[in-house]
Structures are given as structure tokens and as C-alpha cells.
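Asker: pasting a predicted model and its sequence here:
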Amino acid sequence: MAVSVVKSAGRVIEIFEFFAERREPATMMEVARALNCPPSSTSALLNSLCQLGYMDFDRRGRTYLPTLRAALLGIWVNDLFLSDGSILALMNDLRAKTGETVALGAQSGLHVQYIHVMRALVRQPHAEVATGRLRPLLRSAVGQVILSLKDNEEVVALARRINAEEKDPAKRVRIEDLLQRLEICRREGYGYSEGATTPGGGIVAVLFPSPPHHPPMALGIGTAIPKLRDRKEFYLSILRKAVAKQSRYLSDHHIPHSRLPARSAGAAEN
């Protein structure tokens, strides 16, 4: 007897299977034609996946692509066989060396979304620091790293839109201050924030190599502000070593990936 499949669930799987075979971004109409699905239904499904953080939408190209969060759904299986090259292995190593929370994030619309979080071994972080959570793009360290890759014109446009939608005046960001922070981030090769999203907590983050067509990612270590200030240079050192290791892994497997700013790349080899 044939097994009944919920139609929308089947369509979601078909979308991911389509991208697994295509291996590059696609427009909504390309997805709809490939799946023989009505454009309105395809658009609704793709937009829902974007809202959940499993699909990324490029406004310039009007294209969609699954995010790393979608890949991480089954990465524990990958770790059984390829643990030496997995992102989770790198994050686990960072947590083991610091005992602190390690987070991997990417831009999701007007926010930063934590793709994966490994929580501190001893001191439990705030409940908001968890996989899938959305954080402020303009005020977080991960957001700084991602925004530092954009030109100032695009940053200003994003900042104005986010400020316009922010109901709490205290959380609106002065564009001049933001641009100054991003200039420091570009020069120093890392983002840093204190109390931006978690009272008493902060995070230091660096750009993490991402495959072609995927949105930029940032890898960070978060802890209580006094400890973050005291151990910032140590955290940066091991973050950069993790990034260098991931870059070598991708290069050894001939996988094109995003290149780090000169400051970060050079520091990783020290």
C-alpha cells in the first residue's frame, strides 16, 4: 500500500533535492518549473523556508539557496565519517579549549541568525543564545563582521531600514557610529560587542570561510564581559587558527570559498 505524504512536506523535500542536484542558486520560477509547482505555492514555501533560516534569498539576483543551517540538520551523520573536516568538530574544539559558548552565525534578512551554537561547558549562557535565534544585525559582533564585507552605501540602506522598523528608540543605531565600528572591524579583522543582545555578556567574532553562493558566516566566542575583556586576544588567536584550518580543508578539497581580510589571514599564521 502506498504511503500517504503531506503535500507541502513533500514539496519542501523536493526543493532541497532540486538544489542538491543543481548546486547553485535558482530563481523562484526556476524552482517552480523544475518541480511543476504553481508559482504562488513555490513562492510561499521558499519564503517560509527563508523565515525559518533554511533558505537564503539574494535580493539583487532574486535567487534562493539553502543555508548552512539546512546542511547542519544531518551533519551529525557526517561527523561519524568526516569528523576531522567538519565545522562541528572545529566548534567543539574551540569550546573544549575555552569552556565558553561558541556560535556560528549568518545574515538572515535584517537579522543575524545563529546557525549553530555550542553552549558553555560550565556557565550556562542566556536562553536567547541558542541555535536558530535571531540577533540584531547592526549591534552584534557577528553582524559587524558580516556588514564589514558590504560597501558603505549598502550598509547605510540596511541601517535606515532596520532603524525605521525598530520600535524601541534606544535600540536604534547611529549610522555614523556604525560606519566607524565597521571601519575598525575591517582594519582589525574581527567584530566585538558587549551587552548588545545579552545583559552582562559579549562576543568576539571573525569571518568564517563559506562555500560559493552562500551568505557570509562569522564564528564567535561569547562569555561574561569581564572574562571577554581579559581573554580577548586568546580567543582571537584560537578563532583565527580554526578559520585557517577550515580554509586549508576547503582548499585541500578544491572547494572555492570566501577569502579573509588580510589582517585576519596574516594573524592566523602567527
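Answerer: Here it is on my side, so go on. What you are looking at is a predicted structure, and each value in this text was computed from that prediction instead of being measured. Residues are numbered from 1 along each chain as shown.

Asker: hang on, Ala164 in a helix?
Answerer: Yes - looking at Ala164 with DSSP: H, G, I helix; E, B strand; the rest coil, it is inside a helix.

Asker: Val122 versus that one, what's the distance?
Answerer: 41 Å (CB to CB, to the nearest Å). Using the backbone N, CA and C atoms, a C-beta is placed for each residue, glycine as well.

Asker: what do you get for Ile146?
Answerer: Ile146 is 29 Å from Val122, by CB to CB.

Asker: and for Tyr192?
Answerer: Noted for Tyr192: a distance of 23 Å to Val122, by CB to CB.

Asker: which of those two has more residues huddled nearby?
Answerer: Tyr192 (21 against 6; other CB atoms under 10 Å).

Asker: what helix or strand does the more buried one sit in?
Answerer: Here Tyr192, judged by DSSP states H and E, is contained in strand 191-194.

Asker: ok, Ser237 next?
Answerer: Counting by DSSP H and E, Ser237 is part of helix 225-252.

Asker: now that helix: buried residues?
Answerer: Within helix 225-252, the residues scored as buried using 16 or more other CB atoms under 10 Å are 225, 227-228, 231-232, 235-236, 239-247, 249-250.

Asker: now do stretch 60-67
Answerer: Judged by neighbour count using 16+ other CB under 10 Å, the buried positions of stretch 60-67 are 63-67.

Asker: and Gly222, which helix or strand is it part of?
Answerer: Going by DSSP H and E, Gly222 is in strand 217-224.

Asker: format the CA atom coordinates belonging to that strand as PDB.
Answerer: In PDB, the C-alpha atoms belonging to strand 217-224 read as follows (Å, rounded to 0.1, in the frame of the first residue of the first chain):
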ATOM      1  CA  MET A 217      29.300  33.500   8.100                       C
ATOM      2  CA  ALA A 218      31.000  34.600  11.300                       C
ATOM      3  CA  LEU A 219      32.400  32.400  14.100                       C
ATOM      4  CA  GLY A 220      32.500  33.800  17.600                       C
ATOM      5  CA  ILE A 221      33.200  33.000  21.200                       C
ATOM      6  CA  GLY A 222      30.900  34.500  23.800                       C
ATOM      7  CA  THR A 223      31.200  34.900  27.600                       C
ATOM      8  CA  ALA A 224      30.800  37.300  30.500                       C
END
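
Asker: quick one: average pLDDT of the helix holding Ser237?
Answerer: Mean pLDDT, helix 225-252: 92.

Asker: so how far is that helix from its chain's centroid?
Answerer: 16 Å (CA atoms, centre = their mean, to the nearest Å).

Asker: follow-up on the earlier one: relative orientation of the strand holding Gly222 and helix 225-252 in degrees?
Answerer: 160 degrees (axes from the mean of the first three to the mean of the last three CA atoms, to 10 degrees).

Asker: in strand 217-224, what counts as buried?
Answerer: 217-224.

Asker: got it, and stretch 146-154?
Answerer: Applying 16+ other CB under 10 Å to stretch 146-154 flags 146-149 as buried.
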